[in-house]
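[1] quick one: sequence and predicted model below, then my questions.
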Amino acid sequence: MEFARRSSPYWSARVAVPSIMLQVLGALVPAAIAHVWFFGPGFIFNVLVAAIFAIGGEYLVMRARKRPPEAALSDYSALVAAVLLVFALPSLTPWWVTASGTLFAIVVAKHLYGGLGFNIFNPAMAGYVVILIAFPMHLNLWTAPRMGDIDYQYLTVLQTLTFTLTGSLPDALGFDAISRATPLDVMKSGLNGMQTVTEIRANPIMGDFGGRGWEWIGNFLAIGGFWLLIKKIIRWHIPVAVGVGLLAPATILYLVDPGSQPSPGFHLFSGATILCAFFIATDPVSGATSPKGRLVFGFGIGLLIYCIRTWGSYADGVAFAVLIMNMAVPAIDLVTRPPVVGHSKSGGEP
Amino acid sequence: MSAPTYDLGKLHGGLRLPGHKAASTAEAIRDVPIPAQLILPITQHVGDPAQPVVAAGERVLKGQLLARPEGALGAPVHASSSGNVVAVEPRPVSRRYGDHAPCIIIECDGEDQPLHTTADGNYLELEPEALLAKILDGGIVGLGGAVFPTAQKLMQARSCKIEHLILNGVECEPYISCDDMLMRERAMQVLSGAQVLMHAMQIESCFVVVESDKPAALASLAEAMSALDDARLVLKQVPTIYPSGGEDQLVQLVTNREVPSEGLPSDVGCLVQNVGTAAAIHDWIIGHEPLISRVTTVAGEGIARPMNVRARIGTTIADIVAFTGGYAEHADHLFIGGPMTGKSVSTDRVPLVKATNSILVVRKTSFTGRELACIRCGDCAAVCPVQLLPQQLYWHARADNENRLRDFNLVDCIECGCCDLVCPSHIPLTANFRVAKGRIQELADEKARAARARTRFEARKSRMDSEQQQREEALARQIATAKQAGPADITKILERRKHKSEDD
């Protein structure tokens, strides 16, 4: 009898990249709902804009690279990058800002570096930094969270859509009426204005630890992150290391000078810390690969976030921290190579 | 001898795989009858091919020597039954490299007439050296799959200080259960083989290591141990993690010693032998039957009735499968060996050889994932039992960067296949590494050939140079003599020349 030949192992993995990407997207759903709840339907429009430009951009760039577009589109990684980028944007973002960031993320940061698996930089963060520098004003337009007691003008769905498409508000409203400085901005400008942390925290936008609304989104992101940990889609090393890298200096300096240093809890629940720890820094492609390397990589990101927030001119430093550590990955991988069995000098204990 | 003790060391990575062993262990080992024809490859071991000592037309008896070892790491081949040699010719085989190899073909007469023997089986009176020589004559090779000639392995190990004999009953690859069944049914013979080995090696400690998922084998071994009452034998149990049955991995598990890269277990005072090999040694030294049969597992969805059989070496896979009840509906792939490390062959006309621990017939997987780009998830490194970085190796293998592959220790890869099983991008990593290793070997061979050619060339050149020099010196001497000679001598020389030419 004749048989078809194939190489061993006969079995192949049950996991697959597309399902991993879909699970990452699934893990973001609770936080996405919270985002819509606190900051309005703009988030949904942003996701739609980003998704359209991510898919369209990837399709065109794959055609330009003379490769089948479905090969890249079917792994859903472009969608993940698009959604992560949107998490960094205010709910009121004009479409061209979102589109520019998405296109840069997918076309330049991802595909011009060789596509999934070859990109040095985290695409979402690269895209975010480009629009942060190109359109700084639009990225500061955070509305106040819907918490009932904050004095705030809410936009209707139609008004939000109009803003997303045209960048203009209803005639009666100005930017000042709907936008609020983010907690990190409040903290930064307050500290620059020689206020104490206690005085700054009296601002109604501040919640239990971070900002109201933001800290709840953080909670839901953490739930999604823990789910990814349980499903073994991400490993514990990077989230823990990011936390330690950020919280260790924060705790020490807070204990030394609680008047002018925000608490570690504030650092943890403000800005994009939790998003970064579970979803951004854990991008395997642009991160370190070995467990030890991942600890170094995550710690570096946490530490850089702290440094940028404390001494830099930007309120949050997640994107810069991630991109800087992305550059360090080849070096980290080189120095954290695990010892191969049989190469230790002692040869083990007898 | 009571409860088995547990392992000491730990293994990096590895996988818990579904065993698929229940089907083939449901019934006792069955004997495959003598086939009409035996196909005996002359290379059933890792070393140089054995040299046939029989020719077509000759009648041979069961156990008779057919080919004697020659060159490095050789092992003899014996007739598995009596009959007539009809040909010595290349036939399809299930070798790692290449699909055809020279085989001795025997037309069996069905009488199974054994070769007469006068030995008495009392090995304790033999000197260790004599015992080793006798083991070599039995054609015994490592039956775990590596088929390293056992006698040479023992001789090599004798040059080191060996503390422990480790009997490998860790059959970690899915589907395969031939060692399990052997331990259940022939525990006494396995342990007796271990005693022969300890005598040959003059060592006083033997760990018999079995995986925790084989309670019947453990019980049977424990019972045999209490009957033997040999304090040197210790039963050990290790967790069921693939690939803990790899030689170096087992040493690490049992003794917590790392076998050095490109070294051998003997470098850390251990000698590992498969339980099947131990039983084969018993059969040869005490039972006088050389290695002419083995237990093999016939399993997989493509097999109607999975079981373990004892078959004569040289029986074709087709004959064995037919004996067990034939193929089931989905017989798409035939693997010789297990699903992780086995070799897929295109025909079942290949013979069972000493290495064949399993005949696995499986269906075509309905969904084999499309190969995607590596996303550097690092799962492959997490499961690698040798702690390599498969993902980086893959990178360098694709770039054909020999130096980087060396640098990342490709040579230490045991090709267990764990990395393939966790890769979310479905990259055939192990297959890539096999090819890369082959290419590095080729390059090394080419370098060696070039070096040999250069040596030859240089030797020739220096020989020619020295001949040239000698000629020049002789010429110089002649000129000097001629210059010294007077006119009378010259006349003489010329006359001699003249005579010479007239003679012609």
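    Everything's here; your move. Here the structure is a predicted model, which means the values were calculated and not measured. Numbers count the residues shown, from 1 in each chain, chains lettered A, B, ... in the order given.
[2] low-confidence regions, the stretch 51-200 of chain A specifically.
    Counting by pLDDT under 70, the stretch 51-200 of chain A contains low-confidence ranges at A:148-152.
[3] what's the nearest residue in it when you look at chain B?
    At 3.6 Å from chain B, A:G117 is the closest residue in the stretch 51-200 of chain A, using CB to the nearest CB. Heads up, the C-betas are built off the backbone N, CA and C, glycines and all.
[4] burial count for the residue nearest to that residue when sequence neighbours are not counted?
    Leaving aside its sequence neighbours, A:G117 sits nearest to B:A373 (CB to CB, 6 or more residues apart in numbering or on different chains; 3.6 Å). Counted by other CB atoms under 10 Å in any protein chain shown, the residues lying close to B:A373 total 18.
[5] please identify which helix or strand holds B:A373.
    Following DSSP states H and E, there is no helix or strand that holds B:A373.
[6] just to revisit the earlier point, list the residues that contact the residue of the stretch 51-200 of chain A closest to chain B.
    Residues near A:G117 by CB atoms under 8 Å, 6 or more residues apart in numbering or on different chains: A:V285, B:A373, B:C374, B:I375, B:R376, B:S425.
[7] tabulate these (JSON lines), appending distance to A:G300 and pLDDT.
    Converted to JSON lines, the contacts of A:G117 look like this (distance: CB to CB, whole Å; pLDDT from 0 to 100):
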{"residue": "A:V285", "distance to A:G300": "17", "pLDDT": "93"}
{"residue": "B:A373", "distance to A:G300": "26", "pLDDT": "86"}
{"residue": "B:C374", "distance to A:G300": "23", "pLDDT": "89"}
{"residue": "B:I375", "distance to A:G300": "21", "pLDDT": "90"}
{"residue": "B:R376", "distance to A:G300": "17", "pLDDT": "89"}
{"residue": "B:S425", "distance to A:G300": "27", "pLDDT": "89"}
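[8] in TSV: these, plus distance to B:E442.
    Shown next, in TSV, are the contacts of A:G117 (distance: CB to CB, whole Å):
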residue	distance to B:E442
A:V285	33
B:A373	28
B:C374	25
B:I375	31
B:R376	29
B:S425	28
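[9] buried ones among those residues?
    Among the contacts of A:G117, the ones that count as buried by 16 or more other CB atoms under 10 Å in any protein chain shown are A:V285, B:A373, B:C374, B:I375, B:R376, B:S425.
[10] tell me the one of those residues nearest B:D112?
    Nearest to B:D112 among these, counting by CB to CB, is B:S425 at 53.5 Å.
[11] list the contacts for that closest one?
    B:S425 neighbours (CB under 8 Å, 6+ apart): A:A16, A:V17, A:G117, B:E371, B:L372, B:A373, B:C374, B:I375.
[12] does it sit in a helix, a strand or a coil?
    Secondary structure for B:S425, judged by DSSP: H, G, I helix; E, B strand; the rest coil, is coil.
[13] how many other residues sit next to the nearest residue to it once chain neighbours are set aside?
    Nearest residue to B:S425 in three dimensions, chain neighbours excluded: B:L372, at 4.0 Å (CB to CB, 6+ apart). For B:L372, the count of nearby residues is 21 (other CB under 10 Å).
[14] hang on, isn't B:L372 packed against A:D75?
    Yes - between B:L372 and A:D75 there is a contact under CB atoms under 8 Å: 6.1 Å.
[15] ok so, going back, mind picking the two most distant members of the contacts of B:S425?
    Of all pairs in the contacts of B:S425, the most separated under CB to CB is A:A16 and A:G117 at 14.2 Å.
[16] now do the strands in the stretch 101-250 of chain B.
    For the stretch 101-250 of chain B, the strands defined by DSSP state E, counting those that start in this stretch cover B:164-169, B:206-211, B:233-238.
[17] run through the stretch 101-250 of chain B and note the low-pLDDT ranges.
    In the predicted model, the stretch 101-250 of chain B carries pLDDT under 70 at residues B:119, B:121.
[18] name the nearest residue to the residue of it found nearest chain A, ignoring sequence neighbours.
    Proximity to chain A, evaluated over the stretch 101-250 of chain B using CB to the nearest CB, is greatest for B:D248 at 6.9 Å. Using CB to CB, 6+ apart and skipping residues adjacent in sequence, the residue nearest B:D248 is B:V259, 4.1 Å away.
[19] quick revisit: now the common contact residues for B:L372 and A:D75.
    A:V17, A:L116.
[20] so B:L115 sits against B:L66, correct?
    No - counting by CB under 8 Å, B:L115 does not reach B:L66; the two are 11.5 Å apart.
[21] looking at those two, which is more packed in?
    Using other CB under 10 Å, the more surrounded residue of B:L115 and B:L66 is B:L66, with 25 against 16.
[22] the residue nearest to B:I203 when sequence neighbours are not counted: neighbour count?
    Excluding its sequence neighbours, the residue lying closest to B:I203 (CB to CB, 6+ apart) is B:I162, at 5.3 Å. Neighbours of B:I162 under the rule other CB under 10 Å: 20.
[23] list the contacts of B:I162.
    With CB under 8 Å, 6+ apart, B:I162 has these contacts: B:M201, B:I203, B:S266, B:G269, B:C270, B:L271.
[24] how about 6 Å then?
    B:I162 is in contact with B:M201, B:I203, B:G269, B:L271, counting by CB atoms under 6 Å, 6 or more residues apart in numbering or on different chains.
[25] in JSON lines: those residues, plus distance to B:F408.
    Below are the contacts of B:I162 laid out as JSON lines (distance: CB to CB, whole Å):
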{"residue": "B:M201", "distance to B:F408": "36"}
{"residue": "B:I203", "distance to B:F408": "36"}
{"residue": "B:G269", "distance to B:F408": "29"}
{"residue": "B:L271", "distance to B:F408": "30"}
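[26] enumerate the residues of chain B near chain A.
    B:256-261, B:332-334, B:339-342, B:344, B:346-348, B:368-369, B:372-378, B:386-388, B:409, B:412, B:417, B:420-426, B:431 (CB under 6 Å from any CB of the partner chain).
[27] of those residues, buried ones?
    Among the residues of chain B next to chain A, those classed as buried by 16+ other CB under 10 Å are B:257-260, B:332-334, B:339-342, B:344, B:347-348, B:369, B:372-378, B:386-388, B:409, B:412, B:417, B:420-426, B:431.
[28] among the residues you listed, name the ones in strands.
    Counting by DSSP state E, the part of these found in strands is B:H333, B:L334, B:S344.
[29] which bits of the stretch 151-300 of chain A sit near chain B?
    For the stretch 151-300 of chain A, the residues in contact with chain B (CB under 6 Å from any CB) are A:P284, A:V285, A:T289.
[30] I'd like to know how far the first one sits from B:D348.
    Translated: A:P284. Using CB to CB, to the nearest Å, we find A:P284 at a distance of 43 Å from B:D348.
[31] wasn't A:F121 part of a helix?
    No - under three-state DSSP, A:F121 falls outside any helix and is assigned coil.
[32] for it, give its distance to A:V17.
    19 Å.
[33] and if you look at B:L40?
    Distance, B:L40 to A:V17, using CB to CB: 48 Å.
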